[in-house]
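**Q** just to be clear, the model below is a prediction. Sequence and coordinates:
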Amino acid sequence: MKKAFDDIINTISEVVFGKTHEVKLAITCLFAGGHLLIEDRPGIGKTTLAKVLSRSLGLDFTRMQYTSDMLPGDLLGVSIFDQKSGSFVFHKGPIFTQVLLADEINRATPKSQSALLEAMEEWQVTVEGKSYPLAKPFFVIATQNPLEQSGTYPLPESQLDRFLMRISVGYPDRKAERELLEKGNRKHVIEKIQPVLDTEQVMAIRAEIAKIHVSGSFLDYVQDVLDFTRNTPHFTQGLSPRAGLAILHTTRSWACLQGRDHVIPEDLQAVFPYIAGHRLLSRDTRAEYTFQQLQNLLREVPIP
Amino acid sequence: MSMRHHSNNANGLRRDKRRAKRICNLLSRWHTLPPEAFFWATLTIEGTLLPHTLTREGSLLNTEFTHSTKKGRHPREESVTGSLPSLVAALGAGLLPHIPHLNPWIPMWCIGFWGYAALSETRRWPLPRMVFRTGLTLLGFAGVFLSTGGIIDNTFGASLLCVMAGLKTLEIRRERDLFITIFIAYFMVLSSLFFSASLPMTLYMVGAMIHITAILLRLHCPGVPLKDAFKVSGAITGTAIPLTLVLFFFFPRIQGNLFGITPRPTATSGFSDTLSPGSVSRLARSDAPVFRVTFDGPIPPADERYFRGIVFQTFNGKTWRSASQPPAGAFIEATASPVSYEMIFETKNTDRFFPLDLPLAIPKVTGIRADYTLKKPTGGLKGTAYRFQSATAYHTGPWTPWEALFTLTPKGTNPRSRALARQWRAEATGPEEIVEKALRYLETHDFLYTLTPPTLSGQRVDQFLFDTRRGYCEHYASAFTFLMRAAGIPARIVGGYLGGTINPFGDYLIVRQADAHAWTEVWLDGKGWVRVDPTSVVAPDRVSRGAGFGLPEIDRPSFFLGDRASFLARGIDRLRLGWDAINYQWDSQVIGYSDTLQDDFLKKLGISSRHWTGWLKATLWGLAFCALIVSLAWLAVEWRGRKRKPRVQASWRLFQRKLEKQGLTRHAATGPHDFLERIKKEQPHLYPEARTITRLYVAITYGREGATHEKQGELKRAVARFNPKKLHPRKQGWKAGV
């Protein structure tokens, strides 16, 4: 399984330079069965990352650009009256795919945002009283511009909680950028990428990950961390039980990515800032903690 | 402004203190009062006067800072709201054990005021003014005086305490009032010890303590769930147990009573100083226990269990009296091996011991009299265990002039009996034969043993012997003794108990009032005083099988279990006996742990209470005991910690200690793999072994297989082998690469 992961990472690295860690996190999130929120400026390579990821895994990919005048129907699909048959026929929207890139999700109105978030949670779409199940796997990569930009509707905390992880891609380092500049447009490369896996293999790996061993000692540690977020004065509110489950799924996936069949505390430490970053607010400043701050706070929880 | 208020308050407090002191002085000089009055009066001052002064102070502060409120009517403070019902619950727990000995109006008084106070908050009823409260206080005092008859004793004190506790709720305004009230509740529970220290009572007290502490906790931290409050207060009570045990065993027992309070001797419910027809049969209907006896050896048979208590000397034709005080000292020559036993008396007001037959060894609190009775004039026998040694076969020595008292008969009474006695005397060759004749007379003349004899008047002995011929043991003893004296044989009536019930649980004897009995002793030449029981010829079952057996069916008391009792009655009787056994153990082991028993116990530990070194030793023992408890608790905690990963954590810690000496300290939040990376970077020469250990540790702690026995052993060995000092860092320079 480690080989499969390495192949994917190598494939993606052909197009996305110098972002191995972020690529790993994105894969982790996908295999943990969650959704990913990427928060960064435009032009950083979010779309490329999403596209390459879906292609290398052999999954269907749809990109949805969110705008302020978008309606839920634009995403989910609409029922249109068919004159021939004399009945309403449901035309599936772009959400019926395997990897959905919801670009600039915070540009849409809350109504459209919630249409997507509901689908993410329920794994199905309900239009006019009928439910339509979504494809498997269904993986949403939503991108979000930093909130200081004008014309955005920030996602409420309750909806943020539905994203398993939030990462930020960041500028490429000097070497990677030079490579990017030298090699120029990589669009044609993306088209030529051969899938490493297919849908069944992705689902099989997910099933494997669910079997990764979690020991009692590790669960103690998870609970200590949860208690820490709830009972120390650093945060306005502690992590929810859903976040606790998110930690468990993510660490399993991360451990699998590292080629281990069991979870160790380092796994939690590696992914914790990406899970907790959008779920915790500082009690002092009412603002989110940076990744570095979260990592430092986690140092206060001893490993049992 | 504030300075002046402060000084005002200080003055007020000083004034109140002075007043309290004056009252104390007055009371202590009042010699005519019994000591308990001083005790209770002090408590009353503490219980009522102190809270009054405190609240008055509080109200002073309130009025001066908030001018809008009227004097004497201040709203309750914020912190007090909502706490009154729980306070009433605490006080109720204190009142409950007092109810049996209080006049019924006092519980009603308490419940009334408590109900008013508890409801006044939600219903917005006004709190009474100072004047009205003072009036109520005086009324309460008067009521207590009237209902107790002005006798200052325990009941008086308890009544006063409860009455004042009833009023206290009317003046709760400030937070400190809450705590004072809680302490009153504690005190009410404790003061019930003056009345009973039985096992159920003690269990109730522990429960009430937990209950009140839980309420106190909730007052301090409102919003704590009731369940948690009870848990914490239970834990607090639990932690107190070791200290309680140490104090129980080692704290010097004070001989007598701590406060000098002794129960006031009142009319006894057992034997009195006179014996007339009906005075024993009156007791026969009561199944109240009198005393319990534990024999060192086997329990003697029923017809040898005569417990002597009182000797009746003079007869006036109507009543036998035990008026005059016999001289001290007595002669007993045991002719068989003596019986040793321990007695615990149950009757509250008894002042007599009831030893088995003639006592050889007696407790030091009493002295033997010439009629072989033991008396403790101060009373208070209840609850303490007394050891005795008795002779069941004996010789009482030569005739003493004092014993001439036992030959007198009232002149001119009962001529027919006298004639009969004279006739026997003429016919017989010796006193033994006269005794024989008298017994045979009772046996053969259709006498009936009954609890409901006809009433006698006039020449009572004649009437009984020749007309009615129906009577209980006192009738037979009285008639027999009269006949003996008339025949010239010295004789006397002895009152006491015969038989008793053997409790199969605990193998001891319960003697009840129903076992009360009267018999005769005659003085025979060469033998001394000899017991003759005339009842034994009339109703042999009474003597050989116990009270109730000799009686006709219709006379038997309701609690009597005959041969034909149903299995249900037998079952209930067994339950009662079992419960009695538990209580008896409590009384003899815990309540009866007296200064002498403590002495014995401490002597076993090599401590003598006679000298200060003894107490030093006792203190050391106590400390050792505490240390033992503490270390046991520590062990328990440690054991619980080890049970989970006994060897793994220990090995892992040892590994880290070894690395610490090399300057590699793992941060508590650093995972084992990350730590290994650090070792690799900082001291690479340790890496190979550290890697083995870390991998093992991770496999055990986080791996799928978990902590198998082999892996634990492997880890332990690996850590034991690991010696960072012997592993030398690779030197850079000329040796590099060698």
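**A** Structure received.
**Q** what about the residue in the stretch 551-700 of chain B that chain A sits nearest to, which SS state?
**A** Chain A sits closest to B:Ala668 of the stretch 551-700 of chain B, with a gap of 3.4 Å, by C-beta to the nearest C-beta. Where you see a C-beta, it was placed from the backbone N, CA and C, and this is true even at glycine. Classification of B:Ala668 using DSSP: H, G, I helix; E, B strand; the rest coil returns coil.
**Q** quick one: it and A:Gly277, what's the gap?
**A** Relative to A:Gly277, B:Ala668 is positioned 23 Å away (C-beta to C-beta, to the nearest Å).
**Q** higher neighbour count, the two?
**A** A:Gly277 (21 against 11; other C-beta atoms under 10 Å in any protein chain shown).
**Q** can you report how many residues neighbour residue 246?
**A** Picking chain A for this. 25.
**Q** wrong one, I was asking about chain B
**A** Neighbours around B:Val246, by other C-beta under 10 Å: 18.
**Q** measure it to chain A for me?
**A** 37 Å (C-beta to the nearest C-beta, to the nearest Å).
**Q** ok, that residue - contacts?
**A** B:622, B:625-626 (C-beta atoms under 8 Å, 6 or more residues apart in numbering or on different chains).
**Q** can you get me a residue count around whichever residue of the stretch 201-350 of chain B sits closest to chain A?
**A** The stretch 201-350 of chain B approaches chain A most closely through B:Asp228 (16.6 Å), counting by C-beta to the nearest C-beta. Neighbourhood size, B:Asp228 [other C-beta under 10 Å]: 13.
**Q** where does it land in three-state SS?
**A** Per three-state DSSP, B:Asp228 ends up helix.
**Q** and chain A, what are its domain boundaries?
**A** For chain A, automatic domain parsing gives the domain ranges A:2-196, A:211-298.
**Q** B:Leu715: which of these is closest?
**A** domain A:211-298 (14.2 Å; C-beta to C-beta).
**Q** just the terminal-to-terminal distance for that closest one.
**A** 26 Å (C-alpha to C-alpha, to the nearest Å).
**Q** same deal with stretch A:50-62?
**A** 10 Å.
**Q** and for stretch B:553-560?
**A** 10 Å.
**Q** what's next to it, contact-wise?
**A** By C-beta under 8 Å, 6+ apart, stretch B:553-560 touches B:284-285, B:287, B:450-452, B:514, B:547-548, B:562.
**Q** what's the farthest-apart pair in those?
**A** Pairwise distances across these peak at 19.1 Å for B:Asp287 and B:Thr450 (criterion: C-beta to C-beta).
**Q** make sure B:Ser147 is actually in contact with B:Leu160.
**A** No: if you go by C-beta atoms under 8 Å, B:Ser147 and B:Leu160 don't touch, sitting 10.7 Å apart.
**Q** of the two, who's got more company?
**A** The neighbour comparison of B:Ser147 against B:Leu160 (other C-beta under 10 Å) goes to B:Leu160, with 24 against 17.
**Q** distance of that one from B:Leu87?
**A** From B:Leu160 over to B:Leu87 the distance is 20 Å, taken as C-beta to C-beta.
**Q** ok, B:Val80 next?
**A** If you measure B:Val80 against B:Leu87 using C-beta to C-beta, the figure is 9 Å.
**Q** could you check which of those two has the larger neighbour count?
**A** Neighbour totals were compared for B:Val80 and B:Leu87, and B:Leu87 leads with 26 against 19 (other C-beta under 10 Å).
**Q** using the three-state scheme, assign the spatially closest residue to the more buried one that is not a sequence neighbour.
**A** Spatial nearest neighbour of B:Leu87, chain neighbours left out: B:Thr181 (5.3 Å); criterion: C-beta to C-beta, 6 or more residues apart in numbering or on different chains. With three-state DSSP as the basis, B:Thr181 sits in helix.
**Q** quick one: B:Thr181 and B:Arg173 touch, right?
**A** No: counting by C-beta under 8 Å, B:Thr181 stays clear of B:Arg173, with 11.5 Å between them.
**Q** more neighbours: these two, which one.
**A** B:Thr181 (24 against 19).
**Q** please name the residues that touch the more buried one.
**A** By C-beta under 8 Å, 6+ apart, the contact set of B:Thr181 is B:51, B:87, B:90-91, B:165, B:168-169, B:172.
**Q** sketch out the low-pLDDT regions of the stretch 501-650 of chain B for me.
**A** B:558-559, B:561-564, B:607-610, B:638, B:640-646 (pLDDT under 70).
**Q** now do the strands in it.
**A** Taking DSSP state E, counting those that start in this stretch as the criterion, the stretch 501-650 of chain B contains strands spanning B:501-503, B:508-512, B:516-524, B:528-532.
**Q** which neighbours in the sheet does the second one have, and how are they oriented?
**A** Partner strands and pairing direction for strand B:508-512 (DSSP bridges) are strand B:289-295 (antiparallel), strand B:501-503 (antiparallel).
**Q** show me the strands in the stretch 351-500 of chain B, by range?
**A** Ranges of strands in the stretch 351-500 of chain B, per DSSP E, counting those that start in this stretch, are B:358-361, B:367-368, B:374-375, B:385-391, B:394-395, B:448-449, B:470-471, B:491-498.
**Q** please apply the same query to the stretch 201-350 of chain B.
**A** Using DSSP E, counting those that start in this stretch, strands in the stretch 201-350 of chain B cover B:274-275, B:289-295, B:306-312, B:314-315, B:320-321, B:333-334, B:339-345.
**Q** how about those strands in JSON lines, adding mean neighbour count, mean pLDDT and distance to B:Phe505?
**A** Shown next, in JSON lines, are the strands of the stretch 201-350 of chain B (neighbours: other C-beta atoms under 10 Å in any protein chain shown; pLDDT from 0 to 100; distance: least, C-beta to C-beta, whole Å):
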{"stretch": "strand B:274-275", "mean neighbour count": "19", "mean pLDDT": "82", "distance to B:Phe505": "35"}
{"stretch": "strand B:289-295", "mean neighbour count": "22", "mean pLDDT": "87", "distance to B:Phe505": "12"}
{"stretch": "strand B:306-312", "mean neighbour count": "23", "mean pLDDT": "89", "distance to B:Phe505": "22"}
{"stretch": "strand B:314-315", "mean neighbour count": "19", "mean pLDDT": "86", "distance to B:Phe505": "43"}
{"stretch": "strand B:320-321", "mean neighbour count": "20", "mean pLDDT": "86", "distance to B:Phe505": "39"}
{"stretch": "strand B:333-334", "mean neighbour count": "15", "mean pLDDT": "82", "distance to B:Phe505": "32"}
{"stretch": "strand B:339-345", "mean neighbour count": "21", "mean pLDDT": "88", "distance to B:Phe505": "16"}
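**Q** okay if I get those strands as CSV plus distance to A:Val169?
**A** Supplementary listing: those in CSV, determined by distance: least, C-beta to C-beta, whole Å:
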stretch, distance to A:Val169
strand B:274-275, 112
strand B:289-295, 90
strand B:306-312, 101
strand B:314-315, 120
strand B:320-321, 115
strand B:333-334, 109
strand B:339-345, 89
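**Q** how deep is B:Thr596 tucked in, by neighbour count?
**A** Close neighbours of B:Thr596, defined as other C-beta under 10 Å, add up to 17.
**Q** so what's the residue in chain A positioned nearest to chain B closest to, chain neighbours aside?
**A** Closest to chain B within chain A is A:Pro302: 3.4 Å, counting by C-beta to the nearest C-beta. Excluding the flanking residues, the one nearest A:Pro302 by C-beta to C-beta, 6+ apart is B:Ala668, at 3.4 Å.
**Q** quick one: the one you found and A:Pro265 touch, right?
**A** No: at 11.0 Å, B:Ala668 does not count as touching A:Pro265 under the criterion of C-beta under 8 Å.
**Q** overlap in contacts, those two.
**A** With C-beta under 8 Å, 6+ apart as the test, B:Ala668 and A:Pro265 both reach A:Ile303.
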